[in-house]
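> Give me coordinates for this.
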Amino acid sequence: MPFDVPISHKKCATCRWWSGTRKLIFVGADPKFVRVGGVLPAVACRAWDGRKFGGAMTCFRWSRWEKL
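Modelled structure (predicted):
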């Protein structure tokens, strides 16, 4: 089930290390959300050598995604 994460939140979905699929959702001309497949820990994180995370999780290695 898709889940939308606001781009202002420091979550895995908005992190440069996120390796899962994601899509920017625009409201008007501005990006407002990042849509991911779900919040369950199912995506291997490149910053954690494969540890699984979900789109709504966060950690101290978070780094803003370049497209935001």
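> OK, contacts around the residue nearest the centre of the chain?
Nearest to the geometric centre of the chain sits Ala13, at 0.5 Å (Cα atoms, centre = their mean). Taking Cβ atoms under 8 Å, 6 or more residues apart in numbering as the criterion, Ala13 is in contact with Phe3, Val5, Arg22, Val34, Val36, Gly55, Ala56. C-beta coordinates here come from the backbone N, C-alpha and C atoms, glycine included.
> Tell me which two of those residues sit farthest apart.
Arg22 and Ala56 (12.3 Å; Cβ to Cβ).
> These two: which has the busier surroundings?
Comparing Arg22 with Ala56 by other Cβ atoms under 10 Å, the one with more neighbours is Arg22, at 21 against 16.
> Could I get the contacting residues of that one?
With Cβ under 8 Å, 6+ apart, Arg22 has these contacts: Ala13, Val34, Arg35, Val36, Gly55.
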